[in-house]
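> 3D model of this:
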Amino acid sequence: MKIASSVAFLLLFIVAGTWFSTAQNDQLRAYTLKDGLPQSQVNAITQDDLGYLWIGTQGGGIARFDGISFKVWNEKNGLGSNYIHALKFHKNTLLVGTHQGLSIRAKNTFDKYESPRVYDIEIVDNEVFLGTRKGIYKYTLTDKIQRVDCNTTLNSTQINDILFDGTHYWIASRRGLWRTDRLAADGKFQKMFDSDFKSIVRYKDRVIAASFTDGIFSFKNNEQGFQEVSEIRQINSINVINSDQLWINTTNAGIKRINLTDNLAEKSISKRNGLSVYNIRNVFKDRQNNVWIGSSGGGLFKFEKNNFRHYTKDNGLVANRIYALHYTNEALWVSTAESGLTKIDSTGIHQEKETSKYLDKKVKTLTNDNEGRIWAGTEGKGIYVYQKKVRDTIIYDSLLVDEVSYKTEQIEDIYSASITTDIGLPSDWISAIKIYGSYIWIATYSDGISRFQYDHEKKRIFNLRTFGTEDGIKDVGIRDIARDETGRIWYSTRKGHLGYIKNDKVTHLTHKEVTGSEVSIGTIRFHNYDMYLGTLGKGIWFSTLSKDLKFEQLQGEKKLYSNNIYQLIFDDNGVLWAGSERGVDQITLNKKNEIQNVIHYGRNDGFLGIETCHNATTKDTKGNLWFGTIDGLTKYQPSTGIQQSSKPQIHFEEVEVAYQSLDSINLQDWTNSDKQLQLTEDENDLAFQFRSVDLDNPEAIVYRYKFDNNKWSPWNQESKITFGDLDYGDHTFLAQSRNKDWLESDAIGFKFHVIQPLYKKTWFKNILWTILGLIIAFIIYSYIKRVKAKNRAIRERLQLENHMLSLEQKALRLQMNPHFIFNVLNGIKGMSRNNINKMDKTINTFAVLLRETLTNSRKDTISLDQEIKTLKNYIEVERLMASKDFSYGIDLKSDLDPEEVLIPPMLIQPFVENAIRHGIMPLQRPGELKVAFQTDANFLYATITDNGIGIQQSQKNKQSTDHQSMALQVTKERIESLAGRNTLKIEDLSEKDTTLAGTKISFKIPLETEF
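Numbers count the residues shown, from 1 in each chain. Below you'll find the predicted structure:
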């Protein structure tokens, strides 16, 4: 009895251990109606040359899958029937076997050919043979369906599969397996086995056929007899996958697999692996080595062999949301959503029920001490310590009277303790626990950091030391703590602060000294004397643990898939892994901490949980990485080999011309060819839609394009580009794609030419302009000829008027006030009786003045020095003739020599004459006249100021002469012609100050010099 119990326990241990240790990394991803699949019964699967997966359903038509979504075609789109049994591609044409016969899809239209229900399509030397419900049919080059006359039996029975092995045709029918040398009436048909055969495959030099009722058989060419491969029954189809695996798709047991090399059975695929139904119709292997499984009622499944293993409620966990992970003593401890602790070891998954009684709160951190006890930090219940030990005990058996016997039983010793604020813990809200030696370090959500020791026998805290704001921690919302290689205890905070504790002294760094902004730092990791920080919003930061800390953001040619970093861990190869809300990134760094490569793993890569949980990550002794997510637990087992990724393939999906799809050409034939699409002037608006199909990582595909000789555009996810109002001439559009491994596709190009209309061609426009020019020239010549005489007369009259005006201006400059001359002569006559000397002086000065006036009037400009001399002579004559003497002054402020400065002649004299005659002469007080000249870099400024009666009073008193009015008006026009309008200013000084009298005249003219 004891032996039996021990053996049973051992067998249970072996079975459980075998299940856990041999669990494959094979993953199944289901696609159902909620994902867009039109029907849950999948009868046929194939892949086209562009990479699209095509799925034929039982009642939902056909669907095309690009890795993200399904596009459906059914009877409404022209399909012959929504019930699909076979799919085959031939020369970019999709052949569809339906309930109603054959449908052929070319571009986006379907051609329908009626026949009995089509179950299989076989193409041999461009001939299309159809296995139907009633014999074999053939699709001919004349677009017709015709019956292939075989024999009486085959002509009237259901044909499930046809295979050509190079010399013979094999036919799987409901009435046996047949072989013939040709599919024709004169062919030699031989029944190989009498049973209901469903499927045929070729393996090396053998043909393997599956019967629904009798199993699977192998036949060699040119040999009699057969070999039984398997006794499995109720088979829908068989396929050879990975060159030597026979996949047997059954109606009641999922998929059975046999290795054809040694005929040994391999692990089956059933509900235990993730199938939702047991009835499997067929399987298909795509070009990315994924196997797609079509089921009856469960939809489509993607089977991929990868490095991830996923654990959820479906295979043993209590709940899917994982809050904390810790690996110790060959066991993984898992904290799930408010449901205690779970232990995973070689014997399987075990829920520690004792912990569930206390841990009904979130456990956000797990660790162990030197004695193997598990420490769990909670949100609201402090710390829980747990340990279970199993020991053997010998028990005396007194049931036997005549002999003494003993038996061995296993006893569980359970230790648990709770550490809360009731016994001195500073806070019950624990964000992190780390144990170093006998000291326990805890981080709290709002009360800083504490360090203490714990007496497990007395269950009490001692040597408690708390670090908070009074110790220099400016932000006590601690998110993580960790110890570096030098023994410092580092902490990170909710507001992006960082610091460390050494010898009970706190060194604190604010967010400005770390990342520069208040982003939460949730994770601290150390590797090779470097510190790495995971932030919630700014990616990963690092610093070397030197005396002067300098923090930099991890950067490189490749970027992280998310800047919200929840997890950081290094694997045994020194590769950094970062968990985020989008999955995990595998980050390869160089010695300078620059990102060399980033490989992202999401749902399509086997990382089914997608969103990771904060700091719920660990590594076991075998180097496996464990990640906690909101949808379960994921284990990553590093590969022994390196999987080679192939570069993506890109194609044009659609070209739109003038906003209309270009359906008249086959885009595949025009891609990268010498063909050039000719477009009219109204068709110069084009749009190109291109695509790379990646069934594993469709969201990671990015594109760039190039138009003519422009530079390549930046990489982005935009796959449609529109160009409007294109120039005439030759154009080339190029597009390229890149996958998640940064492998670039070959560029694809499309050439087109926008035809220039006749009326815009250069030679046509030249002729047109020439003719138009000749006409215009003739009209102009005629017009010129008609008006030439008139224009000549007008020109001569204008020239005469201009000449007369010029003479008039010169004559005006020669004129002086007749009264002035008359008075001078009368004065000289009077002086001859009384003052001979004054008469001589007056005559001499007056003679010089007349000579200068005559000389200067013939010139357009004179020097400023000459103008000043002429003014002095004029003023001296006026003084000699005046009844009352007056004083005057001429001032010059200029860095230039007055002989080098040029000024029009007689420009100042009319204003001086007016100031003397009408301003100073009527005065009863001494008169004063000031003339000032000043220059700058651009202008010559002149000012004439007198202390006379003022311009207003003067105008009331004087009787203007024509000469005076004309002289002043001409002078004003001369000034304005030189310096512009409103240049001349005349001011009555009494208007500014009643104590003053007189007039001030000022103007400026452009500075002109002899150099």
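
> the stretch 351-500 of the chain: helices as residue ranges?
353-356 (DSSP state H, counting those that start in this stretch).

> can you list the low-confidence ranges for it?
Low-confidence segments of the stretch 351-500 of the chain (pLDDT under 70): 392-408, 410.

> so what sits opposite residue 716 in the bridge?
residue 703 (DSSP bridges).

> do you know how far it is from residue 693?
As for residue 716, its distance to residue 693 is 18 Å (criterion: Cβ to Cβ, to the nearest Å). Heads up, the C-betas are built off the backbone N, CA and C, glycines and all.

> higher neighbour count, those two?
residue 693 (26 against 10; other Cβ atoms under 10 Å).

> quick one, what contacts the more buried one?
Residues near residue 693 by Cβ atoms under 8 Å, 6 or more residues apart in numbering: 50-52, 66-67, 649.

> same question for residue 587.
Contacts of residue 587 by Cβ under 8 Å, 6+ apart are 540, 554, 560, 575-578, 595, 597-598.

> now the buried members of these.
540, 554, 560, 575-578, 595, 598 (16 or more other Cβ atoms under 10 Å).

> and residue 79, how many neighbours?
Neighbours of residue 79 (other Cβ under 10 Å): 21.

> before we move on, which element is it in?
Here residue 79 sits in a region with no helix or strand, counting by DSSP states H and E.

> quick check: pLDDT value at it.
Per-residue confidence (pLDDT) for residue 79: 94.

> now the residue most central in space within the chain: how far from residue 735?
The chain has residue 716 as the residue nearest its centroid, 5.2 Å off, counting by Cα atoms, centre = their mean. Going from residue 716 to residue 735 by Cβ to Cβ gives 12 Å.

> now residue 609
Taking Cβ to Cβ, one finds residue 609 at 35 Å from residue 735.

> which ones among the contacts of residue 587 map onto helices?
Nothing among the contacts of residue 587 maps onto helices, per DSSP state H.

> mind putting these into CSV with pLDDT and distance to residue 686?
What follows is these, written out as CSV (pLDDT from 0 to 100; distance: Cβ to Cβ, whole Å):
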residue, pLDDT, distance to residue 686
540, 96, 43
554, 95, 41
560, 92, 36
575, 92, 45
576, 95, 45
577, 96, 45
578, 96, 42
595, 91, 38
597, 86, 37
598, 88, 35
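
> between the residues you listed, which is nearest residue 635?
residue 577 (12.6 Å; Cβ to Cβ).

> the closest one contacts residue 625, correct?
Yes - counting by Cβ atoms under 8 Å, residue 577 touches residue 625, with 6.2 Å between them.

> for residue 930, which non-adjacent residue is closest in space?
Distance criterion Cβ to Cβ, 6 or more residues apart in numbering; nearest residue to residue 930, sequence neighbours excluded, is residue 945 at 4.5 Å.

> which parts of the protein are helices?
Using DSSP H, helices in the chain cover 2-21, 152-155, 353-356, 667-670, 762-814, 818-834, 836-856, 864-881, 909-915, 951-957, 962-979, 989-992.

> tabulate the contacts of residue 693 (JSON lines), appending pLDDT.
Formatted as JSON lines, the contacts of residue 693 follow (pLDDT from 0 to 100):
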{"residue": "50", "pLDDT": "90"}
{"residue": "51", "pLDDT": "91"}
{"residue": "52", "pLDDT": "94"}
{"residue": "66", "pLDDT": "92"}
{"residue": "67", "pLDDT": "90"}
{"residue": "649", "pLDDT": "92"}
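
> quick revisit: in strands, which of the buried ones among the contacts of residue 587 fall?
540, 576-578, 595, 598 (DSSP state E).
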